[in-house]
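# Sequence first, predicted coordinates after that:
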Amino acid sequence: MKTHILDGRLIIFFCIVCCLVSNVVYAKDHSLAEQIFERHKSTLQDNEVQNVLPDVLKEYKESETQAKLTEDSLKQIVANPESIKELIPAIDEKFIPLLNGNSGVQALFNDADFHTLLQDVNAIAELTRLIKAGWLELRMRNIITPLLLLIIIVALFTLGKGADFLVDEAVALSTQWGLGKAVIGATIVSIGTTTPEAAVSVLSAIQGKPGLALGNAVGSIICDTGLILGLASLIAPLSFNRQLASRLSNVQVSAGILLVLACLPWTSPMKAFTQGGVLPQFIGFVFVVLLGLYIWQSIRWAGSTTPEPEDESNAESEASNTFGTLLKLIGAMAVVVISAQFLIPAVSILATRFKVPDSIISLTLVAFGTSLPELVTAVTAVRRGHGELAVGNIIGADILNVLFVAGVSAAATDGGLVAEAHFFQFAFPAMLFILIVFRIGIFVSGSQLKRPFGVILVAVWLLVIILSGILGIDAH
């Protein structure tokens, strides 16, 4: 049996992690946004402030009132919080009580450097990213550029190797269990790649940021189906079992429709476009139950389809230890996910240092961010001739984003997940549109998703991203 050994490569990766944790090397120069963030860190990391201030900064940046702002006007706002409406007419009303009763927010507005920052749209964007950043990105921002480059190189290497091992072990497991690769991709592999995202979403919901969980789920579906599956089919045609893929795709589209229907305010459905809706807590528990049913039914469907013949190179895996294969598969998924967790913030920080425009960072890193494990798994599967695994992984990830990510997050909060009006105006229609396009592709493609259809999927994704940019809506 073929054995994979990570040897000293992963040791290098984890040595770098230890280097970060032990505060060994720091960058000396700090931008104005970083200085302000460090000065007011306790205030800016307060959950209540994190929920509101980024939107206030966004509204201010889009209001084009920078020229009207003076240090005196900032102090006047602190003295009379209601006067901020004159500067930002569309301000979130929740911010005014904060400004009125939070001494930390008042200190921020009285800071002369904060006034200077508000004159620079790029500095505003950087401060917004810092407020939203996770602990790892904040830790990495202090690292010097050469070490940051080394982290990116090592993370890319381990990401690729981890994906190689993941695909090999997933194929071996499908042989040992007598299940199709699509089912392994749609269940075990998808659960592995979406679990970290679910953990972050649940934590965000518990901390009072439920909108992040729903945004992650919807944005990931759009990115996975359009961009990732599109790119994978451009590399090579994706072969799949048509009967099984058709059934799984039906579940995929149904899950998307179910999410939209569950968020609708059924007493006044049309108000969803102006006031939004809520994914209730009890529906979250229903989604979790449906998740178990989905996994069970997928395995049943796999048993009723004719398995594809395996070549002799896979014959040895049938006699191997299934438990050992499963452990190696879990280990490979962990390597992929951890590598992605380091890679995205490192590239984002480096892009900021090299003055890459904020719009470019948003359209690339934000889109790839949470979907990077699915991307590298799909590309590796296609490169190794296992297109069915790639198709199954993306379909499964979409279903799990609804039933697992959104479901568990809603179940963890008393008030459920808030779906703001823009979800019904743009995000939900975009998600359903791209899912239906993919479903049509499965129907007309026979047993392969070919390159022309890959072009269509990527084009649809680009259309969604361009429209979201024009409308000022975050599609991910």
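Received the coordinates, thanks.
# in the stretch 1-150 of the chain, which spans are helices?
Assigned by DSSP state H, counting those that start in this stretch, the helices in the stretch 1-150 of the chain fall at 7-21, 32-39, 41-44, 47-63, 71-79, 84-87, 95-101, 103-109, 112-117, 121-132, 135-140, 145-177.
# Point out where the stretch 201-350 of the chain drops to low pLDDT.
Applying pLDDT under 70 to the stretch 201-350 of the chain flags residues 207-212, 302-320.
# can you give me the helices for it?
210-222, 229-235, 242-263, 272-275, 281-304, 315-318, 322-353.
# tell me which residues in the fourth one are buried?
This points to helix 272-275. Ala272 (16 or more other Cβ atoms under 10 Å). Where you see a C-beta, it was placed from the backbone N, CA and C, and this is true even at glycine.
# Same question for the longest one.
Neighbour-count burial for helix 322-353 flags 325-326, 328-329, 331-333, 335-352 (criterion: 16+ other Cβ under 10 Å).
# Relative to the whole chain's centre, how far out is that helix?
14 Å (Cα atoms, centre = their mean, to the nearest Å).
# likewise stretch 280-298?
21 Å.
# Output that stretch as PDB, nothing but the C-alphas.
What follows is stretch 280-298, C-alpha atoms only, in PDB (Å, rounded to 0.1, in the frame of the first residue of the first chain):
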ATOM      1  CA  PRO A 280     -35.400  31.200  13.300                       C
ATOM      2  CA  GLN A 281     -33.600  29.100  15.900                       C
ATOM      3  CA  PHE A 282     -36.100  26.200  15.600                       C
ATOM      4  CA  ILE A 283     -35.500  26.100  11.800                       C
ATOM      5  CA  GLY A 284     -31.800  25.800  12.600                       C
ATOM      6  CA  PHE A 285     -32.500  22.600  14.600                       C
ATOM      7  CA  VAL A 286     -34.600  21.300  11.600                       C
ATOM      8  CA  PHE A 287     -31.700  21.900   9.300                       C
ATOM      9  CA  VAL A 288     -29.400  19.900  11.600                       C
ATOM     10  CA  VAL A 289     -31.800  17.000  11.400                       C
ATOM     11  CA  LEU A 290     -32.000  17.300   7.600                       C
ATOM     12  CA  LEU A 291     -28.200  17.200   7.500                       C
ATOM     13  CA  GLY A 292     -28.300  13.700   9.100                       C
ATOM     14  CA  LEU A 293     -31.000  12.600   6.700                       C
ATOM     15  CA  TYR A 294     -29.000  14.000   3.700                       C
ATOM     16  CA  ILE A 295     -25.900  12.000   4.700                       C
ATOM     17  CA  TRP A 296     -27.900   8.800   5.200                       C
ATOM     18  CA  GLN A 297     -29.800   9.200   1.900                       C
ATOM     19  CA  SER A 298     -26.600  10.000   0.000                       C
END
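# Need the contact partners of that stretch.
By Cβ atoms under 8 Å, 6 or more residues apart in numbering, the residues outside stretch 280-298 that reach it are 183, 186-187, 248, 251, 262, 399-400, 402-404, 406-417.
# 6 Å instead, please
Val183, Ala186, Thr187, Ala262, Leu403, Phe404, Gly407, Ala410, Ala411, Gly416 (Cβ atoms under 6 Å, 6 or more residues apart in numbering).
# now the helices of the stretch 201-350 of the chain as JSON lines including distance to Phe95?
Converted to JSON lines, the helices of the stretch 201-350 of the chain look like this (distance: least, Cβ to Cβ, whole Å):
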{"stretch": "helix 210-222", "distance to Phe95": "16"}
{"stretch": "helix 229-235", "distance to Phe95": "40"}
{"stretch": "helix 242-263", "distance to Phe95": "25"}
{"stretch": "helix 272-275", "distance to Phe95": "19"}
{"stretch": "helix 281-304", "distance to Phe95": "27"}
{"stretch": "helix 315-318", "distance to Phe95": "58"}
{"stretch": "helix 322-353", "distance to Phe95": "26"}
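# Tell me how far Leu98 lies from Arg451.
Relative to Arg451, Leu98 is positioned 52 Å away (Cβ to Cβ, to the nearest Å).
# With Leu463 instead?
Per Cβ to Cβ, Leu463 is found 19 Å from Arg451.
# again, but for Ala170
From Ala170 over to Arg451 the distance is 24 Å, taken as Cβ to Cβ.
# the more surrounded of Leu98 and Arg451?
Leu98 (21 against 15; other Cβ atoms under 10 Å).
# so the more buried one touches Leu108, yeah?
No - using Cβ atoms under 6 Å as the test, Leu98 is too far from Leu108 to be in contact (10.5 Å).
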